[in-house]
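Colleague: predicted model and sequence below, questions to follow.
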2 protein chains.
Amino acid sequence: MGAMTKRTARAEPLSRERIVRTAVELLDTAGARKLTFRALTERLATGPGAIYWHVANKDELLAAATDTVVADAVSVEPGAGDSPREAIRSVALGLYEATEAHPWLAAQLAEQFARRPWGSVAPRVFEALGRQVRALGVPESGWFTATSALMHYVFGVAGQNAANTDMAADLPEGETRTEFLEAASRAWEALDPEAYAFTRAVAGQLRDHDDRQQFLAGVDLVLAGIEASVPGAASA
Amino acid sequence: MGAMTKRTARAEPLSRERIVRTAVELLDTAGARKLTFRALTERLATGPGAIYWHVANKDELLAAATDTVVADAVSVEPGAGDSPREAIRSVALGLYEATEAHPWLAAQLAEQFARRPWGSVAPRVFEALGRQVRALGVPESGWFTATSALMHYVFGVAGQNAANTDMAADLPEGETRTEFLEAASRAWEALDPEAYAFTRAVAGQLRDHDDRQQFLAGVDLVLAGIEASVPGAASA
DNA sequence: ACCTGAACACCGTTCAAGT
DNA sequence: ACCTGAACACCGTTCAAGT
């Protein structure tokens, strides 16, 4: 219509922060595979060169996007009256919910943590979980092992559960989580009875489980293992 | 030299199996980012169309490559005299070592398991770990939770440790694992003393830990949590 | 049934040139 | 200091055509 053809909000000047924010939006709405510099330049109404002035490359952009979201998820302070155990559950749940809200996050968490453990993402998660591990009474020599185990569990599960949401936006469409689990469960039931006796026996649990409840059950399980290493404590 | 210019072994005809095997070789030697259809056609001395006749697309090729390697890693039967606990450790260690030998594997495991849990990779791992979980005496209602927790831990750690090897082939070169941990540890020590008190305190453990030993310590920790849910058993 | 290879529709990244 | 946008060197995938 008329002289103004650009439909993008243009008041805000380009900045690293705005680029990262737009990247997160694009990741959330279109999926990881659709985050391209082309799509970004279109949304921001600039050229690729402008983006490269603020951001070194795509890897750095993904790292920054991941960091923003994780910082947000971890920033929720546990309630003052919470036991360490409750605090760990709430930190873990916060990360779990972040991966639900941002289906691309889980894969990026794994990627970031693996490729740049010195980056900002790992310390954030490590710190949030580790403080509560310490409060649990774990001796200092066990801090690293216990916190690592917790973190790996959280990342692992979050990755698996989130991906299905991702698929809905990315691959076949209209498939709900229930249908997805239904299909997976049926596939497990169709496995060879001898070679896959255990997996077949557990197909029903795969079908009926509730993701969040299952996630917390696993956190409790790891917590039980950690608490077993606490000198004075009796098991809850 | 002379009339024979193609240096590739040509006796073997093209087949899905040969394509997958070549893909694994390429992944191992050149890294995940260098596995392209271009590189593949060159090594196999064909055109892309030939590959697409045997394999649907790149995703399927990666799935097949992952499946081969996992099948191999999991195929090692635990010793007849092993306790379930020892058997779990040896299955876990087998997967850990596979990700050490194939640095690209960890990321693919996460990917495969997330995007296609009905695929062949997940059941293989689930079955190998789950049989021992059952042998441990875990009640049936806890099989899924316990096995999932174990598997996620194994994948999580494997991912983190393997990536550094990957980086050596992929990003900056010449960096050894020790130097890598040294740098990460120093970065953790330089964090803000208030916001990152725990992470700073643990920087030394990051620097000094042995990957494999740490991995097994985590497995033991999760095992302790699982055993806490076994009715009759006393803790080891 | 199996393979060829040109072509298509994309990528991330660079860089001379502008303001 | 910040931005433009054409150009470069790639991708995965398709498909008419061959044998």
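Modeller: Noted; the coordinates are in hand.
Colleague: domain map for chain A?
Modeller: If you go by automatic domain parsing, the domain ranges for chain A are A:1-55, A:79-228.
Colleague: A:Gly156 - how many residues pack around it?
Modeller: Counted with other C-beta atoms under 10 Å in any protein chain shown, residues neighbouring A:Gly156 total 27. To be clear about C-beta, it is placed using only N, CA and C from the backbone, and glycine gets the same treatment.
Colleague: name the element it belongs to?
Modeller: Assessed by DSSP states H and E, A:Gly156 sits inside helix A:143-170.
Colleague: and if you look at A:Pro123?
Modeller: With DSSP H and E as the test, A:Pro123 turns up in helix A:121-135.
Colleague: alpha carbons only: can I get that helix in CSV?
Modeller: Taking C-alpha atoms only, helix A:121-135 is exported to CSV below (Å, rounded to 0.1, in the frame of the first residue of the first chain):
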residue,chain,number,x,y,z
VAL,A,121,25.2,-22.2,29.4
ALA,A,122,26.9,-24.9,31.4
PRO,A,123,27.8,-22.9,34.4
ARG,A,124,24.3,-21.5,34.7
VAL,A,125,22.8,-25.0,35.0
PHE,A,126,25.6,-26.4,37.0
GLU,A,127,25.4,-23.6,39.5
ALA,A,128,21.6,-23.8,39.9
LEU,A,129,21.7,-27.6,40.5
GLY,A,130,25.0,-27.7,42.3
ARG,A,131,23.9,-25.2,45.1
GLN,A,132,21.2,-27.6,46.1
VAL,A,133,23.4,-30.6,45.8
ARG,A,134,25.7,-28.9,48.3
ALA,A,135,22.7,-28.0,50.5
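Colleague: tell me the mean pLDDT over that helix?
Modeller: For helix A:121-135, the mean per-residue pLDDT is 94.
Colleague: distance from it to the middle of the chain?
Modeller: Chain-centre distance of helix A:121-135: 16 Å, with C-alpha atoms, centre = their mean, to the nearest Å.
Colleague: other SSEs contacting that helix?
Modeller: Other elements packing on helix A:121-135 under the criterion 3 or more C-beta pairs under 8 Å, 6 or more residues apart in numbering or on different chains; DSSP states H and E are helix A:58-74, helix A:84-101, helix A:105-115, helix A:143-170, helix B:197-201.
Colleague: list of residues touching that helix?
Modeller: With contacts defined as C-beta atoms under 8 Å, 6 or more residues apart in numbering or on different chains, helix A:121-135 is touched by A:63, A:66-67, A:70-71, A:74, A:78, A:84-85, A:87-88, A:91-92, A:95, A:109, A:112-113, A:116, A:143, A:146-147, A:150-151, A:154, A:226, B:188, B:191, B:195-199, B:202.
Colleague: and it with helix A:84-101, angle?
Modeller: With axes from the mean of the first three to the mean of the last three C-alpha atoms, to 10 degrees defining the directions, helix A:121-135 sits at 160 degrees from helix A:84-101.
Colleague: what's the angle from helix A:121-135 to helix A:58-74?
Modeller: Counting by the same axes, to 10 degrees, helix A:121-135 points 30 degrees away from the direction of helix A:58-74.
Colleague: stretch A:201-212 and chain B in contact?
Modeller: Yes. Counting by C-beta under 8 Å from any C-beta of the partner chain, chain B has neighbours in stretch A:201-212: A:201-202, A:205-206, A:209.
Colleague: separate out the buried members of the residues you listed.
Modeller: Among the residues of stretch A:201-212 next to chain B, those that count as buried by neighbour count (16 or more other C-beta atoms under 10 Å in any protein chain shown) are A:201-202, A:205-206, A:209.
Colleague: show me which of the residues you listed is closest to B:Val55.
Modeller: When these are compared for distance to B:Val55 (C-beta to C-beta), A:Leu206 wins out at 28.3 Å.
Colleague: in this structure that closest one contacts A:Ala187, no?
Modeller: No. With contacts counted by C-beta atoms under 8 Å, A:Leu206 stays clear of A:Ala187, the gap being 9.6 Å.
Colleague: which bits of chain A sit near DNA strand D?
Modeller: For chain A, the contact set with DNA strand D under C-beta under 7 Å from any atom of the strand comprises A:13-14, A:45-50, A:52-54.
Colleague: and the next element down the chain from the lowest-mean-pLDDT helix or strand in chain A?
Modeller: Ranked by mean pLDDT, DSSP states H and E, the weakest helix or strand in chain A is helix A:143-170, scoring a mean of 73. Under the assignment DSSP H and E, the closest C-terminal helix or strand after helix A:143-170 is helix A:177-189.
Colleague: among the residues of chain A next to DNA strand D, which two are most distant?
Modeller: Pairwise distances across those peak at 17.4 Å for A:Pro13 and A:Pro48 (criterion: C-beta to C-beta).
Colleague: who has more neighbours out of those two?
Modeller: Between A:Pro13 and A:Pro48, A:Pro48 has the larger neighbour count (other C-beta under 10 Å), namely 11 against 6.
Colleague: nearest to DNA strand D: which residue in chain A?
Modeller: Here chain A gets closest to DNA strand D at one residue, A:Gly49, 2.0 Å apart by C-beta to the nearest atom of the strand.
Colleague: please, which helix or strand holds that residue?
Modeller: Following DSSP H and E, one finds A:Gly49 within helix A:48-54.
Colleague: how far off centre is that helix?
Modeller: From the chain centre to the centre of helix A:48-54 is a distance of 28 Å (C-alpha atoms, centre = their mean).
Colleague: ok, stretch A:73-93 next?
Modeller: On C-alpha atoms, centre = their mean, the centre of stretch A:73-93 falls 17 Å from the chain's centre.
Colleague: now do the end-to-end distance for it.
Modeller: 9 Å (C-alpha to C-alpha, to the nearest Å).
Colleague: what sits up against that stretch?
Modeller: Under the criterion C-beta under 8 Å, 6+ apart, residues A:94-95, A:97-98, A:124-125, A:127-129, A:132-133, A:135-137, A:150, A:154, A:212, A:215-216, A:219-220, A:223, A:236 lie in contact with stretch A:73-93.
Colleague: make CSV from the residues of chain A next to DNA strand D and add pLDDT to it.
Modeller: What follows is the residues of chain A next to DNA strand D, written out as CSV (pLDDT from 0 to 100):
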residue, pLDDT
A:Pro13, 87
A:Leu14, 94
A:Ala45, 96
A:Thr46, 96
A:Gly47, 96
A:Pro48, 98
A:Gly49, 97
A:Ala50, 98
A:Tyr52, 98
A:Trp53, 98
A:His54, 98
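Colleague: among those residues, which ones are buried?
Modeller: The neighbour-count criterion (16+ other C-beta under 10 Å) marks A:His54 among these as buried.
Colleague: need the residues of chain A next to DNA strand D in JSON lines (columns: distance to B:Arg38).
Modeller: What follows is those, written out as JSON lines (distance: C-beta to C-beta, whole Å):
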{"residue": "A:Pro13", "distance to B:Arg38": "41"}
{"residue": "A:Leu14", "distance to B:Arg38": "35"}
{"residue": "A:Ala45", "distance to B:Arg38": "34"}
{"residue": "A:Thr46", "distance to B:Arg38": "31"}
{"residue": "A:Gly47", "distance to B:Arg38": "28"}
{"residue": "A:Pro48", "distance to B:Arg38": "24"}
{"residue": "A:Gly49", "distance to B:Arg38": "28"}
{"residue": "A:Ala50", "distance to B:Arg38": "31"}
{"residue": "A:Tyr52", "distance to B:Arg38": "26"}
{"residue": "A:Trp53", "distance to B:Arg38": "31"}
{"residue": "A:His54", "distance to B:Arg38": "32"}
